[in-house]
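>>> model this:
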Amino acid sequence: MADLLFLIPLLPLAAFAVNILFGRAFLGDKAHWVAVPAVFLSWLLSVLVFLDIRGGDEPLHQRLFTWIPSGTFNVDVSLYADQLTAVMLLVVTTVGLLVHVYSVGYMHGDGGYYRFFAYLPLFVFSMLMLVLADNLLLLFVFWEAVGLCSYFLIGFWFRRRSASNAAKKAFIVNRVGDLGFGLGIMLAFWTFGTINFHGEEGIFAQAADHAAHGISSGTLTAIALLLFIGACGKSAQFPLHVWLPDAMEGPTPVSALIHAATMVTAGIYLVARAHRIFEQSETAMVVVALIGAFTALMAATIALTQYDIKRVIAYSTLSQLGYMCFALGTGAWVAAIFHLMTHAFFKGLLFLGSGSVIHGLHDEQDMRRMGGLRHHMPITFWTFLIAATANAGVIPLAGFWSKDETIVGSWISDSPVGKLVAIVGLAAAFLTGLYMFRLVFMTFFGQPRYDTAHVHPHESGPWMAWPLIVLAVPSVVIGFVGFPPEDGPLHHFLEPVFAEEEAAPETQASLAFLQEEPATEEEHAEEAVHAIEEHHVSTATTVTFGAISTGVAVAGILVAYLTYITGTISATAMARRFHGLYDFLYHKWYFDELYDRLFVQPLRTLSLFFWRVVDEGIIDATVNGVATGIGAVSQRLRHVQTGLVANYALAIALGMVVLVGIYLAGFSNLFR
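Below is the predicted model of the structure:
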């Protein structure tokens, strides 16, 4: 199976090449004939890779060619698939395939149809190569490719100024994160002498046994924090989160692909893949956990006040990424990947469902001009309700199992901030139930608030409806792969990736030296009983937190019901009473305004200075001055060119007189 790894990313790349070269001239609105089958075959191969790894436990490795042969620095284009990669391949290709199918209906009639179906498989190709990369440099190349594709797709409708600005904003903010990532790669190479992940001399093996390799923990902390800066950019964590809501300017299928399966999961994947480095630094882990917890809570509060249906879901994505992030920061690695997986399905469904609503209402996105749509769009309503309930974390849907595990995993961890971030996670769970069902009730319940004389909502066609139905299935059942908590099939599958490294021989020897005498059978029995008691405590904690997290989510849903269905609580009155807080949240904690004041305006002023003073006032003025001077001299010299032979003869005669005069004056040596 290893010999076929290259086909998984190659097929979407081939679809991109065909559609971008021949789409406009030959394929037109049939461009999906190339893209959809290519991604389907890629999905099929991903399933086979998953089954192969599940059956054999051994990672797959395929070396394609040497990219950079330069003495001791050699970079191979090699593909590596272990259990973590297998999960990511399934997530990316499954959601990617359904987004492709959905787009056939959603983008029908668009003037850039062929271009859309060129960029979409290119996005999938870039993400597949990112998760298959076997070294930091190759990963970074496709990390950048994912960012480039997001620029193309967010700004797909480039004639809209808002879409163009959103694409530039996403691109520039991610460059800030990528700068940190790039510096982290350089420091890693300087420290480890390699950029390869695996092997006895790979960076992970050296990091796990850094003392034996003479690597300081401070250096590992610096590498981890630099890599995390890159992750903050791609996964939109504070303070680089501001690009994600603006990404809603792209077509809705793009929003689903970016927020569910591709770009935003890249940062989470990077930290999980580099966990051997992160777990060597408590400082880095604490930073990751605190940033994730803050982002989860902050984004949830902002979602409460937004009215654009896609922006509410976008802030929900920010919040759920925060859950994954604080799980990573507390060492709950499997819980983070578990939540990444479940989130991909129900968040993809939420975005595609919102696209169905927008399509049915003729491009309306403001929830204040919706209402009562469940009667007109039953498939969209029921599938959206499933996804919203899963996102809220209500048992037994998928989001409950994974979100609860991120909270429990943080609570029982050895992290100094584990209990703090778990409490923040519970607070965000309440807000999640509130804002998700605020969205559901405002959109699908109540009386129509749109112009019923001109707007006639309708259910989407089969190209759009079937992906909703298919995504609803894993949104319900995929959570059971993590049951029982911390001991489910997913945990056993990922165990080889995240299992603790065995102690080095020197460490084992020191431990043996410290053991004064062998343990007796009674001591072994006591240890076994103690382990059982710890297991029961863990189970009790898990059940308790499961009940609490479901309770707070249901409480949030109840508050939404009392506010937007019965009217017992007046949202308008609450907004007026707490208008300062409401304005603060509605303006997204004023981060855009703050960044505009701190960075955008000073840089614009500096740019204007360099443009008008340095560029135009000095460089252009110098060049133009020289040109003007030469032109002026030329204008005067042109009067000599009269075109009359007599004048030229006179000039020659005068010249001869001057030369003779010089000679007679004693300068004849000059002509010898």
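
>>> pretty sure residue 242 sits against residue 593.
No - counting by Cβ atoms under 8 Å, residue 242 stays clear of residue 593, with 10.6 Å between them. Using the backbone N, CA and C atoms, a C-beta is placed for each residue, glycine as well.

>>> neighbour count for the two, which is higher?
residue 242 (18 against 12; other Cβ atoms under 10 Å).

>>> now do the contacts for the more buried one.
Neighbouring residues of residue 242 by Cβ atoms under 8 Å, 6 or more residues apart in numbering: 169, 173, 588, 591, 592, 595.

>>> same thing but at 6 Å, please
Contacts for residue 242 (Cβ atoms under 6 Å, 6 or more residues apart in numbering) come out as 591, 592.

>>> against residue 154, how distant is it?
As for residue 242, its distance to residue 154 is 14 Å (criterion: Cβ to Cβ, to the nearest Å).

>>> longest strand in this protein, by number of residues?
Identified as the longest strand of the chain according to DSSP state E is strand 60-70.

>>> tell me which other helices or strands that one touches.
When contacts are defined as 3 or more Cβ pairs under 6 Å, 6 or more residues apart in numbering; DSSP states H and E, strand 60-70 sits against strand 73-81.

>>> quick one: the strand it packs on to strand 60-70, angle?
Counting by axes from the mean of the first three to the mean of the last three Cα atoms, to 10 degrees, strand 73-81 lies at 160 degrees to strand 60-70.

>>> export strand 73-81 as CSV, just CAs?
Below are the C-alpha coordinates for strand 73-81, written out as CSV (Å, rounded to 0.1, in the frame of the first residue of the first chain):
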residue,chain,number,x,y,z
PHE,A,73,21.6,19.1,3.9
ASN,A,74,19.4,16.8,1.9
VAL,A,75,15.7,17.2,1.7
ASP,A,76,13.6,14.3,0.3
VAL,A,77,10.1,14.5,-0.9
SER,A,78,8.9,11.6,1.2
LEU,A,79,5.4,10.6,2.3
TYR,A,80,4.7,9.2,5.7
ALA,A,81,1.4,7.8,6.9
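
>>> quick check: buried residues in the host helix or strand of residue 493?
Applying DSSP states H and E as the criterion places residue 493 in helix 489-498. Buried residues in helix 489-498, counted by 16 or more other Cβ atoms under 10 Å: 490, 491, 493, 494, 497, 498.

>>> tell me the phi and psi of the most centrally placed residue in the chain?
The chain has residue 264 as the residue nearest its centroid, 2.0 Å off, counting by Cα atoms, centre = their mean. As for residue 264, its main-chain torsions (degrees, to the nearest 10) stand at phi -70, psi -20.

>>> what is the burial count for the residue nearest to it when sequence neighbours are not counted?
Once flanking residues are discounted, residue 264 sits nearest to residue 235: 5.2 Å by Cβ to Cβ, 6 or more residues apart in numbering. Neighbours of residue 235 under the rule other Cβ under 10 Å: 30.

>>> residue 663 now?
13.

>>> quick check, it in a helix?
Yes - assessed by DSSP: H, G, I helix; E, B strand; the rest coil, residue 663 belongs to a helix.

>>> from residue 246, how far off is it?
From residue 663 to residue 246 the distance is 81 Å (Cβ to Cβ).

>>> ditto for residue 463
Counting by Cβ to Cβ, the gap from residue 463 to residue 246 is 28 Å.

>>> one more: residue 454?
The value you get for residue 454 to residue 246, if Cβ to Cβ is used, is 29 Å.

>>> more neighbours, those two?
residue 246 (21 against 7).

>>> mind listing what that one touches?
166, 169.

>>> can we see that at 8 Å?
154, 165, 166, 169, 170.

>>> again with residue 285
278, 279, 329, 330, 331, 415.

>>> just the residues you listed: which are in helices?
Applying DSSP state H to the contacts of residue 285, the entries found in helices are 278, 329.

>>> by neighbours, which of the contacts of residue 285 wins?
residue 330 (32 neighbours).

>>> that one contacts residue 409, correct?
Yes - using Cβ under 8 Å, residue 330 makes contact with residue 409 at a distance of 6.4 Å.

>>> how far off centre is the longest strand of the chain?
How far strand 60-70 lies from its chain's middle: 26 Å, per Cα atoms, centre = their mean, to the nearest Å.

>>> who are the contact partners of residue 37?
Residues near residue 37 by Cβ under 8 Å, 6+ apart: none.

>>> any idea how far it is from residue 279?
Counting by Cβ to Cβ, the gap from residue 37 to residue 279 is 42 Å.

>>> repeat that for residue 273.
Taken as Cβ to Cβ, the span from residue 273 to residue 279 is 12 Å.

>>> same deal with residue 564?
44 Å.

>>> same question, residue 139
Residue 139 sits 19 Å away from residue 279, going by Cβ to Cβ.

>>> cool, residue 488 as well?
The value you get for residue 488 to residue 279, if Cβ to Cβ is used, is 22 Å.

>>> repeat that for residue 622.
For residue 622, the distance to residue 279 equals 57 Å [Cβ to Cβ].

>>> what's the answer for residue 19, then?
Distance from residue 19 to residue 279, by Cβ to Cβ: 43 Å.

>>> what's the answer for residue 312, then?
For residue 312, the distance to residue 279 - Cβ to Cβ - is 35 Å.

>>> next one: residue 234
Residue 234 is 21 Å from residue 279, by Cβ to Cβ.

>>> mind listing what residue 406 touches?
Taking Cβ under 8 Å, 6+ apart, one finds 323, 324, 326, 327, 332, 335, 336, 339, 425 in contact with residue 406.

>>> could you redo the last one with a cut-off of 10 Å?
292, 296, 320, 322-328, 330, 332, 335-336, 338-339, 421-422, 425, 549 (Cβ atoms under 10 Å, 6 or more residues apart in numbering).

>>> give me the buried subset of those residues.
292, 296, 320, 322-328, 330, 332, 335-336, 338-339, 421-422, 425, 549.

>>> tell me the contacts of the closest residue to residue 80 other than its chain neighbours?
Using Cβ to Cβ, 6+ apart and skipping residues adjacent in sequence, the residue nearest residue 80 is residue 134, 3.9 Å away. Residue 134 sits next to 59, 61-63, 75-81, 85, 195-199, 202 when contact means Cβ under 10 Å, 6+ apart.

>>> before we move on, back to that, tell me which of the contacts of residue 246 is nearest to residue 646?
When these are compared for distance to residue 646 (Cβ to Cβ), residue 165 wins out at 69.2 Å.

>>> leaving out sequence neighbours, find the closest residue to the closest one.
Using Cβ to Cβ, 6+ apart, the closest residue to residue 165 is residue 246 (7.6 Å).

>>> wait, a helix at that neighbour?
Yes - when three-state DSSP is applied, residue 246 is found to be in a helix.

>>> from residue 173, how far off is it?
9 Å.

>>> ditto for residue 615
Taking Cβ to Cβ, one finds residue 615 at 26 Å from residue 173.

>>> neighbour-wise, which of the two wins?
Relative neighbour count places residue 173 above the other of residue 615 and residue 173, with 22 against 13, counting by other Cβ under 10 Å.

>>> related to what we said a few turns ago, for the residue nearest to the centre of the chain, give me its contacts.
Contacts of residue 264 by Cβ under 10 Å, 6+ apart are 150, 234-237, 244, 247, 257-258, 314, 317-318, 320-321, 324, 340, 343-344, 347.
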